[in-house]
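Trainee: Got a predicted model here, sequence first, then my questions.
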Amino acid sequence: MVKRRNGTYNAQRSSYCAVVGDAEPQEKKNPSNSRDGGDSPFAVLGIKSSKVEGIRVRQHVNPLKRELQVPNEAPDWAEVFHDPSRPLLVDVGCGSGRFLLMKAKESPDSNFLGLDIRTQLTDRSSKWAEELGIENVAFIMANATISFNSLLDSYPGPITVVSIQYPDPHFKKRHHKRRVVQAQLVEAITSTLEPGACVFLQSDVLEVAEHMRDQFERYAAAAYSPAESLHGTPEELEGRTFLASSSDVEAEGGAQAVGEEKVDDASSSEDESGDKEEVESTWHQWGWLRENPMQVPTEREMYVLGDGLPVYRIMLERR
């Protein structure tokens with residue numbers, strides 16, 4: 001379900017990476033337990049507690065279910081957004097949608113689209129957007145792996161950013177093929193983005209962040225490179241990034257590896273059949289971004305940072 005401007009509807013780019021990171025890093029606050037009150041970064045949205053419905057949502061949804069293998073039809077974008085020629089940010093696995101609501105409120109000259117396979121979340125996010133009067137954001141229930149091209153090939157404006165943030169880690173080895181970043185999604189995103197557009201990946205699970213990075217490097221290394229405007233160069237990290245690998249973290253009992261830690265050149269990744277393969281990563285030398293260039297957290301990020309835990313981020317730029 002997509003919220004249109006007056007009801008429901010069924011169904012620049014060249015330097016954007018630099019623009020995303022231009023703002024000064026915001027001072028980190030210790031958030032309250034409430035997502036929408038106190039010193040929460042989402043308090044500015046004004047989502048009243050009475051409107052935060054307690055919905056039951058399965059935390060782990062199998063994206064390989066038969067009903068999630070049917071591509072979504074593209075909506076009439078003129079019915080979704082007031083001006084569909086504006087730049088678009090797509091958040092894959094948008095969850096409750098507060099990140100997009102905040103971004104849309106702060107950036108009225110861009111459009112924002114959230115995709116998630118959990119209908120309860122996209123319906124509620126759409127309701128919030130309507131009640132808050134935020135018209136440049138929309139939410140669609142869709143399996144992005146299957147529907148990215150069918151939905152977005154027809155979008156009239158430029159797609160400037162695709163973000164994949166804190167995806168379901170699917171820890172069990174036999175479930176790795178359920179992870180969102182697989183060859184099909186990498187190829188779909190790559191075919192849609194024009195040079196200068198960005199892909200933003202982040203997770204608080206290092207092995208998951210490595211998996212996402214390595215999938216893009218494995219299937220589309222010629223199409224992307226870590227954004228030097230944010231990461232710097234491997235020779236001059238300038239404190240903007242830190243190095244960490246799964247092997248380092250395991251060896252140190254889970255401690256964050258910061259600075260000039262030794263990083264293995266090969267990190268493991270699962271192919272779509274679930275077989276483990278070694279990916280010779282060259283992108284690891286750019287490290288993980290210390291600051292979030294999007295300047296707005298997700299709900300998961302708010303709690304992770306509040307607990308003082310590390311986040312592993314990388315921004316890729318389309319060549």
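Mentor: In hand now; what should we look at? Numbering: from 1, shown residues only.

Trainee: Go ahead and confirm residue 116 touches residue 147.
Mentor: No. Judged on Cβ atoms under 8 Å, residue 116 makes no contact with residue 147 at a distance of 11.5 Å. Quick note: C-beta positions are derived from backbone N, CA and C, even for glycine.

Trainee: now the helices for this protein?
Mentor: Secondary structure of the chain, counting by DSSP state H: helices at 16-20, 77-80, 98-106, 119-132, 144-152, 183-192, 206-220, 228-231, 246-251, 299-306.

Trainee: do you know which of these lies nearest residue 167?
Mentor: Judged by Cβ to Cβ, the one of the helices of the chain that comes nearest to residue 167 is helix 206-220, at 6.8 Å.

Trainee: what does that closest one rub up against?
Mentor: 164, 167, 169, 176, 179, 181-183, 186-187, 190, 199, 201-203, 224, 244-246, 249, 267-270, 279, 281-284, 288, 310, 312-314, 316 (Cβ atoms under 8 Å, 6 or more residues apart in numbering).

Trainee: show me where pLDDT drops low in the stretch 151-300 of the chain?
Mentor: Across the stretch 151-300 of the chain, the ranges flagged by pLDDT under 70 are 170-172, 174-178, 237, 247-278.

Trainee: ranges for the strands of it?
Mentor: 159-165, 198-203, 224-226, 241-242, 266-270, 276-280, 288-289 (DSSP state E, counting those that start in this stretch).

Trainee: possible to save those strands as a markdown table with mean neighbour count and distance to residue 81?
Mentor: Below are the strands of the stretch 151-300 of the chain laid out as a markdown table (neighbours: other Cβ atoms under 10 Å; distance: least, Cβ to Cβ, whole Å):
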| stretch | mean neighbour count | distance to residue 81 |
| --- | --- | --- |
| strand 159-165 | 24 | 13 |
| strand 198-203 | 26 | 20 |
| strand 224-226 | 21 | 27 |
| strand 241-242 | 20 | 35 |
| strand 266-270 | 19 | 36 |
| strand 276-280 | 13 | 38 |
| strand 288-289 | 24 | 29 |
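
Trainee: Kindly reformat these as a markdown table containing distance to residue 127.
Mentor: Listed next are these as a markdown table, based on distance: least, Cβ to Cβ, whole Å:
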| stretch | distance to residue 127 |
| --- | --- |
| strand 159-165 | 22 |
| strand 198-203 | 26 |
| strand 224-226 | 36 |
| strand 241-242 | 39 |
| strand 266-270 | 36 |
| strand 276-280 | 41 |
| strand 288-289 | 33 |
